[in-house]
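In: The amino acid sequence is not available; the structure is as follows:
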């Protein structure tokens, strides 16, 4: 069996202009989804070249279901101090919850800076350093690949937040461990599920692609039981629609 040769393609050979080519390409729904899958955040593009005072962020997006703001800065070159400063300016000006820096190559000092920001900020803001690559097999069309270089350390942040609150009991530590292990299991076996950051608490919510409901999983450390429910905060119409199919749902779940 003959195998093809995998070669890396120079980014500028495909995206000649950063704003006119790469940013426009990334704004397409199927392409922003590639980035979403890699960093684990469901995002929707709001606007390209969005104004932040006298400056313009390459892409302003928002997290689906929560609406939290995401700023994306593209740099088809090696990282530099100027773009790092711009990232922080954009994050502050837009009160962003997620800051994504997409680069061709990362310098060690800038990787350390992003790690430092994640270590010294709470979970309300999250910094990602992402390398974009293009690969092709023989003469095939080039394929994009996002590689996350830096991301928030969820476990460390949750422990630090609990310690600051003074209420991280043994039970809460076990709850956090359970949800963290569940997230890791899902990432390995069900990658289509992009679970959110775990917290040391009894419940764990999972988005289902719509704003009027979500799945809530629960654990009871006293009885060693787990539960799963569909939580509908306000939509009576959705509730009655599902209730009308109660028998079919119970049969499908084998709980009738």
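Out: Okay, I see it. Bear in mind the structure is a predicted one, so any value in this text is a computation, not a measurement. Numbering: from 1, shown residues only.
In: longest single strand anywhere in the protein?
Out: strand 126-137 (DSSP state E).
In: Can you name the next helix or strand after that strand?
Out: On the C-terminal side of strand 126-137, the closest following helix or strand by DSSP states H and E is strand 143-150.
In: Stretch 77-85: end-to-end distance?
Out: 16 Å (C-alpha to C-alpha, to the nearest Å).
In: Residue 71 and residue 27: what is the separation?
Out: 14 Å (C-beta to C-beta, to the nearest Å). Yep, even glycine has a C-beta here, placed from its N, CA and C like the rest.
In: One more: residue 35?
Out: Residue 35 is 11 Å from residue 27, by C-beta to C-beta.
In: So which of these two has more stuff around it?
Out: residue 35 (23 against 17; other C-beta atoms under 10 Å).
In: Check what pLDDT residue 160 gets.
Out: If you check residue 160, the pLDDT there is 58.
In: Residues contacting stretch 95-105, please?
Out: 11, 26, 35, 39, 41, 43, 63, 68-79, 83-84, 87-88, 90-91, 114, 124-132, 146 (C-beta atoms under 8 Å, 6 or more residues apart in numbering).
In: in that stretch, what's buried?
Out: 96-104 (16 or more other C-beta atoms under 10 Å).
In: Distance to residue 186 added to those residues, as a markdown table?
Out: Converted to a markdown table, the buried residues of stretch 95-105 look like this (distance: C-beta to C-beta, whole Å):
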| residue | distance to residue 186 |
| --- | --- |
| 96 | 26 |
| 97 | 22 |
| 98 | 20 |
| 99 | 25 |
| 100 | 22 |
| 101 | 26 |
| 102 | 25 |
| 103 | 28 |
| 104 | 31 |
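In: Emit the ChimeraX select command for whichever of the contacts of stretch 95-105 are buried.
Out: Restricted to buried positions by 16+ other C-beta under 10 Å, the ChimeraX selection for those reads:
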select :11,26,35,39,41,43,63,68,69,70,71,72,73,74,75,76,79,83,84,87,90,91,114,125,126,127,128,129,130,131,132,146
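In: Please narrow the contacts of stretch 95-105 to those residing in helices.
Out: 11, 26, 35, 39, 83-84, 87-88, 90-91, 114 (DSSP state H).
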